[in-house]
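Trainee: Have a look at this prediction, sequence included:
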Amino acid sequence: MNLQDLRKSPLFQGLSDEELQQLMDMAEPVSLRAGDFLIRQGDPGDAAYVLIVGDFEVQKQSGQSLIKIDVRNPGDMVGEMALLSRAPRSASVIAKTDGEVLRIPQEAFEKLLLSSTTAAMAVLHWVMARLTQNESLLHQQEKMAALGTMSAGLAHELNNPAAAAQRSASQLKETQSKWLSLTHQIERLASQENQTDWFDDFMQEASRRFESPLKLETLERIDLVDQLQAWLEASGIESAWELAPAMINFGWDSESLEELKSSLSPSLFSLCIQWLGMGCLMMGLLSEVLQTTERISQIVRAVKSYTYLDQAPLLEVDVHEGLENTLVIMQHKLKKGVTIKREYSPNLPRIEAYASELNQVWTNIIDNAVDAMKGKGEIKIKTYEEDQRVIVEITDNGPGIPEDIQSRIFEPFFTTKAPGHGTGLGLHISHDIIANRHHGQLLVESKPGETKFRVILPKQIKGESKHE
């Protein structure tokens with residue numbers, strides 16, 4: 001190794017040959033094979049390393065999850081952050097290829113900083129750049145983790161209505177075939193019995209009822225179905241248990257059908273009831289297909305609005321719309337036992353915000369609340385305006401956050417979840433989004449049985465451009 005190897009690092013480019021030589025004299029060359037650890041997470045930060053040859057991967061172990069943070073190349077320095085803070089290593093560095101590095105021990109690094117203002121300023125700029133880079137990487141890592149979680153939930157949430165629509169469509173095809181066959185039979189028998197005028201009137205009445213299904217209370221509907229099923233069975237109608245619920249939906253009851261029975265021959269009446277029942281089943285199945293496909297459309301619209309696809313990042317945002325879209329996205333977790341109580345201000349103003357990032361905050365807070373309550377409990381979402389700012393409070397009735405760790409929950413990689421669950425980045429990123437991106441505040445109050453996150457947002461982000 002020579003002085004030119006050191007000059008590959010931006011950190012040392014401004015140093016004189018004498019300063020670099022002094023550093024070289026106190027440094028130690030180290031060779032590594034692919035797969036070797038250069039730095040291990042948790043070890044003391046007793047040296048910094050300049051990468052001369054090879055590629056090195058930075059990894060962070062969080063619980064049982066291994067997070068790949070970055071890849072470093074020749075000219076980069078690693079390990080200087082722990083060295084400066086005299087803290088244990090926060091991540092591991094592993095050689096991806098065979099490599100050469102220069103180990104700079106703490107004594108040499110500190111001597112360089114004390115003897116050269118140029119070196120001290122270079123280190124300061126380097127550290128600031130590294131902090132900015134790390135923050136950006138944390139954001140990206142959390143977004144990817146959130147995307148993975150959301151994708152899994154969406155796949156589950158979309159699969160349910162898609163499978164229901166497929167089942168209903170398959171049954172609809174079979175039912176329609178039977179209904180068309182019954183239509184031909186009833187037309188032929190009506191003609192034989194000179195009942196064509198009656199049949200035309202009956203078809204018009206049935207069509208009118210098909211267009212206007214009834215909306216019945218559950219208990220009322222159960223009573224009507226029981227009555228009609230008993231009447232159909234007494235009248236010798238097959239599959240009365242299947243036909244009665246469908247016919248009740250369209251306003252057919254024993255009274256209206258009794259009138260029909262008294263004016264027709266037994267064979268025409270039986271055929272008529274089968275045709276009518278199949279028609280009601282068919283319309284019910286068609287309604288199910290429409291409802292399930294509308295559910296799919298609703299989810300897709302929510303996802304598009306949630307991520308604000310194809311829109312500028314800084315928008316005039318309806319906070320309630322963002323909260324509701326987030327609840328749609330998270331429905332797969334909420335419906336298992338979480339009740340949402342809304343206390344929305346009717347006159348909440350729109351605010352200027354980075355919409356998709358704000359939705360990421362709602363997701364992180366609500367997701368943490370669901371996990372804290374172990375999937376069962378109540379989440380209250382309250383919104384109001386105060387002192388020209390919009391306040392969103394999200395409160396759960398879980399066990400609460402222990403007082404001794406409340407001050408740490410916004411730290412990166414700090415998590416109270418079990419190993420392998422969560423990266424410990426969600427609340428840190430949320431705090432950054434609210435405080436630094438929106439110039440607001442994210443506060444927490446917690447006691448046993450109640451944890452409240454309060455998000456305070458200005459109506460306008462001063463100094464920001466909507467077109468950036």
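Mentor: Arrived safely.
Trainee: do you know how far residue 283 is from residue 243?
Mentor: Distance, residue 283 to residue 243, using Cβ to Cβ, to the nearest Å: 13 Å. To be clear about C-beta, it is placed using only N, CA and C from the backbone, and glycine gets the same treatment.
Trainee: To clarify, my last question referred to residue 229.
Mentor: Distance of residue 229 to residue 243, computed by Cβ to Cβ: 8 Å.
Trainee: go on, residue 450?
Mentor: For residue 450, the distance to residue 243 (Cβ to Cβ) stands at 52 Å.
Trainee: partner residues bridging residue 381?
Mentor: Judged by DSSP bridges, the bridge partners of residue 381 are residue 342, residue 394.
Trainee: is it true that it touches residue 369?
Mentor: No: Residue 381 is beyond contact range of residue 369, at 10.0 Å (criterion: Cβ atoms under 8 Å).
Trainee: shared neighbours of these two, anything?
Mentor: Shared contacts of residue 381 and residue 369 (Cβ atoms under 8 Å, 6 or more residues apart in numbering): residue 394.
Trainee: How about the secondary structure of residue 400?
Mentor: The three-state label given to residue 400 by DSSP: H, G, I helix; E, B strand; the rest coil is coil.
Trainee: Report the contact partners of it.
Mentor: By Cβ under 8 Å, 6+ apart, the contact set of residue 400 is 446-451.
Trainee: Return a ChimeraX selection command for the buried portion of those.
Mentor: Typed into ChimeraX, the next command selects the buried ones out of the contacts of residue 400 (criterion: 16 or more other Cβ atoms under 10 Å):
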select :446,451
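Trainee: Tell me which of the contacts of residue 400 fall in strands.
Mentor: Judged by DSSP state E, the contacts of residue 400 include 446-447, 450-451 as members of strands.
Trainee: can you tell me which two in those are farthest apart?
Mentor: 447 and 451 (7.9 Å; Cβ to Cβ).
Trainee: what's the pLDDT at residue 422?
Mentor: Looking at residue 422, its pLDDT stands at 46.
Trainee: same question but for residue 58, I mixed them up
Mentor: 89.
Trainee: same check, this time on the one 3 residues further on
Mentor: Taken from the predicted model, the pLDDT recorded for residue 61 is 77.
Trainee: same deal with residue 88?
Mentor: 85.
Trainee: how many other residues sit next to the spatially closest residue to it that is not a sequence neighbour?
Mentor: Leaving out its chain neighbours, the residue that sits closest to residue 88 by Cβ to Cβ, 6 or more residues apart in numbering is residue 42, at 5.2 Å. Number of residues near residue 42 (other Cβ atoms under 10 Å) recorded here: 11.
Trainee: domain assignment for this protein?
Mentor: What automatic domain parsing lists as the domains of the chain is 3-115, 153-298, 319-458.
Trainee: For residue 128, find the nearest of those domains.
Mentor: domain 3-115 (11.5 Å).
Trainee: what's the span of the closest one, first residue to last?
Mentor: Domain 3-115 has an end-to-end distance of 18 Å (Cα to Cα, to the nearest Å).
Trainee: Next: stretch 93-110.
Mentor: Stretch 93-110 stretches 22 Å from its first residue to its last (Cα to Cα).
Trainee: Identify the residues contacting that stretch?
Mentor: Contacts of stretch 93-110 (Cβ under 8 Å, 6+ apart): 1, 5-6, 23-24, 26-39, 46-59, 71-72, 78-80, 83.
Trainee: show me what contacts residue 271?
Mentor: Residue 271 touches 182, 185-186, 189, counting by Cβ under 8 Å, 6+ apart.
Trainee: Relative to residue 402, how far out is it?
Mentor: Separation of residue 271 from residue 402 (Cβ to Cβ) stands at 72 Å.
Trainee: From the ones in strands among the contacts of residue 400, pick the one nearest residue 171.
Mentor: residue 451 (46.0 Å).
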